[in-house]
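Take a look and give me a structure for this.
(4 chains)
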2 protein chains.
Amino acid sequence: MPARQPSKPRARRHTSDARPYHHGDLRRVLIDAALQLAEEGAEVSVREAARRAAVSPGAPFRHFPNRDALMAAAAQEAQRRFRAEIEVALAQAPGTDPLGRFRAFGLAYLRWAMRNPAHFEIISTGRYFAHGSSAELTRDNAELIALTEQMLADAAAQGLLRPADLKPIQIAGRALVYGFARMNLDGHFPRWGVAETEIERMAEAVIDLFISGIAKG
Amino acid sequence: MPARQPSKPRARRHTSDARPYHHGDLRRVLIDAALQLAEEGAEVSVREAARRAAVSPGAPFRHFPNRDALMAAAAQEAQRRFRAEIEVALAQAPGTDPLGRFRAFGLAYLRWAMRNPAHFEIISTGRYFAHGSSAELTRDNAELIALTEQMLADAAAQGLLRPADLKPIQIAGRALVYGFARMNLDGHFPRWGVAETEIERMAEAVIDLFISGIAKG
DNA sequence: GACGAAATGTAATCGATGATTACATAGCGA
DNA sequence: TCGCTATGTAATCATCGATTACATTTCGTC
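Take a look at the predicted model:
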């Protein structure tokens, strides 16, 4: 036991012998641990995150005032990844057809939600932290919504849609995609096929149905 | 303090002096307390339910093996009320037009979900208890789903729908309504109008949009 | 009616959790 | 080099779900 006497108490950056008193980047590690816990289906506790970071139960509170703040930070990280994937999909979307872009958006949205259900839940639910407690999350989400609304407005301006109020279309589009994602999350889909491809095919069919329902012709 | 000496230890049914040792209908009272707590936005704890029933913290476990069982029972009660309201609405629905019945169903569904968000959450989320832990809840829900699917199948059989696969229509219909309800629940609607009438009007518009999207003509 | 078993409530206790406080150590700048 | 601040530890608290031992009531059976 007494082998713990510091052989190198010098101001070294992180010698490899035993973990240093200061962790290095505990905040980040805690966020990752929280996301990982959620992914595993376990409920996220501050203590368990601390445990995984090999740190005392009180340490996390140096970085987050309370549990909700940790969850909010984890949600921000998840949202960052979510948005990155959306933007990649849009960048690869064929051309300038607003409805085609809308379709690509919806597909990327649902694909991510199907494959990262726990992270999607953290982002969307507003149960782990007060909704609006993270201004960044709220702003980020508002931007994505504005993006889709712009697509639909463009489609209307180009005469691609059947005559109808735009607002209900926008709301319905959001509700449809959000509802599909949450149904998957909340266990409202029977264990459909063997793979996740089947449910993703259904997601595609639902999006196409919606578009054909609002498109002219 | 020593005024607690039982003046009437006889086997009376419930004399009015002081609460009797046995509660009477603790199970029911606990379920109601749980629903009330959810309605108030507080998180539901067994102890708090016991507190409201003026009973010791261990008492509830005589009626429910664990917290989840209490929540499942509460969910069953909420589902019972939900379904009752749906059936009233359907009974009042004008005629035999399948799409009209579908519309009435959707409106009643969303109306209840908007006005009883906490109860809707308990029913739908599968987070308070293992999804499928309550066979009755599952069966009840399956019946409602079968009902709507039958409406859409009838509509298709009567040639009221544009040609399309029925399955995506059924899934999309569920996702749309469920998504709208959950968006409201999860705080994705800005505090729209003063009253709840505005959001209910939007719900109606969304349902009508969906129907017009799948209906022939 | 009387009695004993079953049902139902209480009291005490356990382990886990979020949170706070006092203290220890590291790292950084004047 | 000194000392301030950031960051981690240790100890502690209240709350919660859950279990156990014990108390009281209720009810069927004789």
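
could you give me the average pLDDT of the top helix by length along chain A?
Taking DSSP state H as the criterion, chain A has its longest helix at helix A:67-92. Averaging pLDDT along helix A:67-92 gives 96.

Likewise for stretch A:201-214?
Regarding stretch A:201-214, the rounded mean pLDDT is 98.

and the host helix or strand of A:A113 with chain B, contact?
For A:A113, the host element (DSSP states H and E) is helix A:98-115. No. Applying Cβ under 8 Å from any Cβ of the partner chain, one finds helix A:98-115 separated from chain B by no less than 10.1 Å. C-beta: built from backbone N, CA, C; applies to glycine.

circling back to that earlier point, residues of the longest helix of chain A that come out buried?
Buried residues in helix A:67-92, defined by neighbour count with 16 or more other Cβ atoms under 10 Å in any protein chain shown: A:67, A:69-79, A:82-83, A:86, A:89.

what's the helix holding A:A113 packed up against?
On a contact count with 3 or more Cβ pairs under 8 Å, 6 or more residues apart in numbering or on different chains; DSSP states H and E, helix A:98-115 meets helix A:67-92, helix A:135-157, helix A:166-185, helix A:197-214.

now with 10 Å?
helix A:67-92, helix A:117-125, helix A:135-157, helix A:166-185, helix A:197-214 (3 or more Cβ pairs under 10 Å, 6 or more residues apart in numbering or on different chains; DSSP states H and E).

Return the residues of chain A in contact with DNA strand D.
Within chain A, the positions lying close to DNA strand D (Cβ under 7 Å from any atom of the strand) are A:Y21, A:H22, A:H23, A:G24, A:L26, A:V55, A:S56, A:P57, A:G58, A:A59, A:R62, A:H63.

follow-up on the earlier one: can I get the helices and strands packed on helix A:98-115 in a markdown table with distance to A:L107?
Output for these, formatted as a markdown table (distance: least, Cβ to Cβ, whole Å):
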| stretch | distance to A:L107 |
| --- | --- |
| helix A:67-92 | 7 |
| helix A:117-125 | 15 |
| helix A:135-157 | 13 |
| helix A:166-185 | 10 |
| helix A:197-214 | 6 |
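
Let me have those in TSV, extended by distance to chain B.
Converted to TSV, those look like this (distance: least, Cβ to the nearest Cβ, whole Å):
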stretch	distance to chain B
helix A:67-92	12
helix A:117-125	5
helix A:135-157	8
helix A:166-185	2
helix A:197-214	3
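
out of those, nearest to DNA strand C?
Between DNA strand C and those, the shortest gap by Cβ to the nearest atom of the strand is with helix A:67-92, which sits at 3.5 Å.

hang on, the earlier thing: would you check which pair of the residues of chain A next to DNA strand D lies furthest apart?
Longest distance between any two of the residues of chain A next to DNA strand D is 18.7 Å, between A:G24 and A:P57; criterion Cβ to Cβ.

who's more crowded, these two?
For A:G24 versus A:P57, the count of surrounding residues by other Cβ atoms under 10 Å in any protein chain shown is larger for A:P57: 13 against 10.

from memory the more buried one sits against A:L30, does it?
No. Judged on Cβ atoms under 10 Å, A:P57 makes no contact with A:L30 at a distance of 12.0 Å.

Residues that sit against both of those two, list them.
The contact sets of A:P57 and A:L30 overlap at A:V46, A:A49, A:A50 (Cβ atoms under 10 Å, 6 or more residues apart in numbering or on different chains).

Quickly list the domain ranges of chain A.
Using automatic domain parsing, the domain ranges for chain A come out as A:20-64, A:75-214.

Pick the most buried one from those.
The highest mean neighbour count among the domains of chain A, using mean count of other Cβ atoms under 10 Å in any protein chain shown, belongs to domain A:75-214: a mean of 18.

how about that domain, does it reach DNA strand C?
No. Domain A:75-214 stays clear of DNA strand C (Cβ under 7 Å from any atom of the strand), getting no nearer than 10.4 Å.

Run the chain-centre distance for that domain.
11 Å (Cα atoms, centre = their mean, to the nearest Å).

ok, now stretch A:202-217?
Between the centre of stretch A:202-217 and the centre of its chain there are 24 Å (Cα atoms, centre = their mean).

dump the residue contacts of the nearest residue to A:Q170 once chain neighbours are set aside.
Nearest residue to A:Q170 in three dimensions, chain neighbours excluded: A:E149, at 5.0 Å (Cβ to Cβ, 6 or more residues apart in numbering or on different chains). Taking Cβ under 10 Å, 6+ apart, we find A:E149 in contact with A:L166, A:K167, A:I169, A:Q170, A:I171, A:G173, A:R174.

Kindly give the local confidence score, pLDDT, for A:E149.
97.

and what of the one 5 residues further on?
In this prediction, A:D154 carries a pLDDT score of 97.

what about it, distance to B:R103?
According to Cβ to Cβ, to the nearest Å, A:D154 and B:R103 sit 30 Å apart.

what sits against the closest residue to A:A156 other than its chain neighbours?
Leaving aside its chain neighbours, A:A156 sits nearest to A:L166 (5.8 Å; criterion: Cβ to Cβ, 6+ apart). Neighbour list for A:L166: A:E149, A:L152, A:A153, A:A155, A:A156, A:A157, A:I214 [criterion: Cβ under 10 Å, 6+ apart].

OK, contacts around the residue nearest to A:L70 when sequence neighbours are not counted?
Spatial nearest neighbour of A:L70, excluding adjacent residues (Cβ to Cβ, 6+ apart): A:F64 at 4.3 Å. Neighbouring residues of A:F64 by Cβ under 10 Å, 6+ apart: A:R27, A:L30, A:I31, A:A34, A:V46, A:A49, A:L70, A:M71, A:A72, A:A73, A:A74.

and the residues you listed near DNA strand C, which?
Contacts with DNA strand C within the contacts of A:F64, counted by Cβ under 7 Å from any atom of the strand: A:V46.

Reformat the contacts of A:F64 as CSV; add distance to B:Y109.
CSV is the format used below for those (distance: Cβ to Cβ, whole Å):
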residue, distance to B:Y109
A:R27, 43
A:L30, 40
A:I31, 38
A:A34, 35
A:V46, 38
A:A49, 39
A:L70, 36
A:M71, 30
A:A72, 32
A:A73, 36
A:A74, 33
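
Out of the contacts of A:F64, which comes closest to B:P190?
For those, the closest approach to B:P190 (Cβ to Cβ) belongs to A:A72, at 19.6 Å.
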